[in-house]
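> let me see the structure of the following:
(one chain, ligands or ions: 1)
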Amino acid sequence: MPDQADIEADFVVVGAGSAGCVMAARLSEDPSTRVVLLEAGGEDRNRWIHIPLGYGKTFADASVNWCYEAEPDPGANGRRIFWPRGKVLGGSSSINGMVYIRGQHEDFDLWRQLGNTGWSSSDVLPYFKRSQHQTRGVSEFHSTGGPLCVSDITERHPICEAFIRGAMEVGYPRNDDFNGERQDGVGYHQTTTRNGKRCSTAVGYLHPVRTRSNLRVVTGALAEKVLFEGKRAVGVAFREYGQPRIVRATREVILCGGAVNSPQLLLLSGVGPEDELAQFGIPVVHHLRGVGKALQDHYSAPIKLKCRFPITVNDVMQSNIRKLKVGLQYYLFRSGPLTLAAGPAAVFVRTRRELATPDVKISVAPFSSDKLQDGLHPWSGFALTVYQLRPESRGEIRLKSANPADAPAMFPNYLATETDRRAIVDGLKIARQILATSPMQHFITEEYQPGPSITSDDQLLEHARNRGGTVFHPTSSCKMGIDPMAVVDPELRVHGLDGLRVVDASIMPTVISGNTNAATIMIGEKAADLVRQPLRMAA
Ligand SMILES: Cc1cc2nc3c(=O)[nH]c(=O)nc-3n(C[C@H](O)[C@H](O)[C@H](O)COP(=O)(O)OP(=O)(O)OC[C@H]3O[C@@H](n4cnc5c(N)ncnc54)[C@H](O)[C@@H]3O)c2cc1C
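Sure, this is the predicted structure:
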């Protein structure tokens, strides 16, 4: 089949998201290496992508977003949870909340303990640093000169300030660098922004190298199937704005479609559990039990508050004059509410004394909504979001049909274990302790949700099930490992096949304790080295 290929390259990278842009940029650094990058979405020209608060505008915009919905989930009382994923250059890094969190050192040490040589915290730190341009300058944990700009939040909102003071009153230490020595404590996030604009991986990695003659970026290109000769991946069949095309890969096919789409593409290509493939009449290339199976995600529960003063983003959105003012403030000075990331400040806490590291994150945002896709509340409001950092629950991604244009089925399986249920309830109680402090009470007229009548553990759990949602961190659906359910090995090669890797958030053996963009970019940086290693050895 690839004999009739329309295009040929050494490497075909599928998906220009957080990891895919890193792979394409790094592999094409060698001018003799030809790289083709296929992206189902389009160019990142939508202006709301680049304005940080525009996050709310792209959240459910199907022109840049897959706008998935998970299957009805028992953990969420049978509700379908909205799962936005980026479908545009930069992938989810073009529509995410821009919070820069790497996870805990212990997360990566656990990956190593699970048999993943080369992925301990000391192994991965150089790749976090390689990716980074830290505006604070160089330190033991940070570096400058990398493509991903990491900046301090300039907009110190009074509600965030009160949250920090309140958490400190409860006893949590101030932490000005969640990505340093330790994660515990309260403070402001840093964000993946540069001079008040989003720094996606398309902005940081891809656009600066688009003129390389050995790099070809094809947008509007939906990969439908990996093509094999025997057990070797040799190309990809895709549709470019609807037209069928084939690209041949002389060295490797690298899947960077993310935690939903990489397992889907493997299954469509005949790589996965043979009984599932048989249901859809897909010929088996390689029976691999774990494809789609070890899915993890961060499930969150909100506390929404009515604010005493008209200082929230909700208030800005209610007034055309204020909107105009903040628009001007942004365009003239790159400051003001439009520079805000999803949750500017947060506290990392331990819900049980015996824990070695935080197990819950509580973040605060100076706005509130019932559903972000339906707009902000028409009254002054703000919200806390509580989520467990290391859930035990695992779900799965399965095919719904053999048609690549159909979304796969996402079964998150939230709150399936007692530890997970306990953590979210205890996290909500800690959040309320912070809200009860005088700095926070100064701003609160009323707890809108769950509301003062909800007090028992059972009621709080029910609130979490009824009102909770994802914080958009699906991972681990093609997990790395050496056990029978692993999909890729520690060099990210698909077990049992040649010329095929998966490089994205789906390979995380366990979801990390925090937001997942930075770690996915780190995975891309490390994978580029793993791919280039044989070349270096031969040189
Ligand atoms: C709304 C939202 C808010 C978030 N907030 C934060 C945050 O504040 N901080 C943080 O650290 N993380 C955040 N995340 C999570 C983080 O952005 C993701 O974990 C990370 O971007 C995942 O990277 P990836 O490379 O695995 O996948 P993605 O970045 O999603 O990239 C996958 C790419 O592959 C493309 N693709 C998929 N299938 C195909 C196909 N068949 N053919 C061609 N192309 C295909 C997609 O269109 C997409 O561009 C957020 C995510 C979302 C959606």
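> use CA for all of it now, contacts and neighbours both
OK.
> the strands in the stretch 251-400 of the chain, which residues?
271-272, 286-287, 299-307, 345-349, 360-365, 381-388, 396-398 (DSSP state E, counting those that start in this stretch).
> export those strands to CSV and tack on distance to residue 155?
Formatted as CSV, the strands of the stretch 251-400 of the chain follow (distance: least, C-alpha to C-alpha, whole Å):
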stretch, distance to residue 155
strand 271-272, 47
strand 286-287, 52
strand 299-307, 19
strand 345-349, 11
strand 360-365, 12
strand 381-388, 16
strand 396-398, 39
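> next, the buried residues of the helix ranked longest in the chain.
In the chain, with assignment by DSSP state H, the single longest helix is helix 517-538. Under the neighbour-count criterion of 16 or more other C-alpha atoms under 10 Å, helix 517-538 has 517-529, 531 buried.
> looking at these, spot the one nearest residue 237.
Nearest to residue 237 among these: residue 531, at 22.3 Å, using C-alpha to C-alpha.
> enumerate every residue touching that closest one.
The contact partners of residue 531, taken as C-alpha atoms under 8 Å, 6 or more residues apart in numbering, number zero.
> same thing with residue 151?
Residue 151 neighbours (C-alpha under 8 Å, 6+ apart): 134-136, 190-194.
> and it, what are its bridge partners?
Under DSSP bridges, the beta-bridge partners of residue 151 are residue 191.
> pLDDT score assigned to it?
Model confidence at residue 151, given as pLDDT, is 97.
> so, low pLDDT: which residues of the stretch 401-539 of the chain?
534-539 (pLDDT under 70).
> that one: strands as residue ranges?
Under DSSP E, counting those that start in this stretch, the stretch 401-539 of the chain gives strands at 409-411, 444-449, 469-470, 500-502.
> just put those in TSV and tack on distance to the ligand.
Output for those, formatted as TSV (distance: least, C-alpha to the nearest ligand atom, whole Å):
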stretch	distance to the ligand
strand 409-411	14
strand 444-449	22
strand 469-470	9
strand 500-502	10
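> out of those strands, which one sits most buried?
Ranked by mean neighbour count, the strands of the stretch 401-539 of the chain are led by strand 500-502 with a mean of 28 (mean count of other C-alpha atoms under 10 Å).
> pull up the residues of the stretch 401-539 of the chain that are close to the ligand.
Contacts of the stretch 401-539 of the chain with the ligand, taken as C-alpha under 6 Å from any ligand atom, map to 472-473, 504-505, 515-518, 520.
> one more time with 5 Å
472-473, 504-505, 515-517 (C-alpha under 5 Å from any ligand atom).
> which of those lies closest to residue 126?
Closest to residue 126, out of all of those and judged by C-alpha to C-alpha, is residue 517, at 16.4 Å.
> tell me who's in contact with that closest one.
Counting by C-alpha under 8 Å, 6+ apart, residue 517 has contacts 18, 93, 100-102.
> dump these into a markdown table; add pLDDT and neighbour count as well.
Converted to a markdown table, those look like this (pLDDT from 0 to 100; neighbours: other C-alpha atoms under 10 Å):
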| residue | pLDDT | neighbour count |
| --- | --- | --- |
| 18 | 98 | 34 |
| 93 | 98 | 29 |
| 100 | 98 | 24 |
| 101 | 98 | 22 |
| 102 | 98 | 24 |
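> can you narrow those down to the ones near the ligand?
18, 93.
> and residue 104, how many neighbours does it have?
By the criterion of other C-alpha atoms under 10 Å, residue 104 has 22 neighbours.
> phi and psi next, for it.
Residue 104 adopts backbone torsions of phi -90, psi 150, taken as degrees, to the nearest 10.
> right, and it touches residue 511 too?
No: between residue 104 and residue 511 there is no contact under C-alpha atoms under 8 Å: 10.8 Å.
> can you list the residues of the protein near the ligand?
So far as C-alpha under 5 Å from any ligand atom goes, the chain lies against the ligand at 15-19, 39-40, 84-85, 87-88, 91-93, 96-99, 222-223, 257-258, 261, 472-473, 504-505, 515-517.
> filter these down to the ones in helices?
18-19, 258, 261, 517.
> top of the residues of the stretch 401-539 of the chain next to the ligand by neighbour count?
The most crowded member of those, judged by other C-alpha under 10 Å, is residue 504 (32 neighbours).
> in TSV, list the strands of the stretch 251-400 of the chain along with mean neighbour count and mean pLDDT.
Below are these laid out as TSV (neighbours: other C-alpha atoms under 10 Å; pLDDT from 0 to 100):
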stretch	mean neighbour count	mean pLDDT
strand 271-272	26	98
strand 286-287	18	98
strand 299-307	25	98
strand 345-349	26	98
strand 360-365	25	98
strand 381-388	28	98
strand 396-398	22	98
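> residue 51: which of those is closest?
Residue 51 lies closest, by C-alpha to C-alpha, to one member of the strands of the stretch 251-400 of the chain: strand 360-365, at 16.8 Å.
> now what about the closest one, what contacts it?
Strand 360-365 is contacted from outside by 160, 163, 342-351, 382-389, 423-424, 427, 431, 514, using C-alpha under 8 Å, 6+ apart.
> name every strand pairing with it and say which way it goes.
Applying DSSP bridges, strand 360-365 is found paired with strand 345-349 (antiparallel), strand 381-388 (antiparallel).
> all helices of the stretch 351-500 of the chain, in order?
Ranges of helices within the stretch 351-500 of the chain are 418-435, 438-441, 457-467, based on DSSP state H, counting those that start in this stretch.
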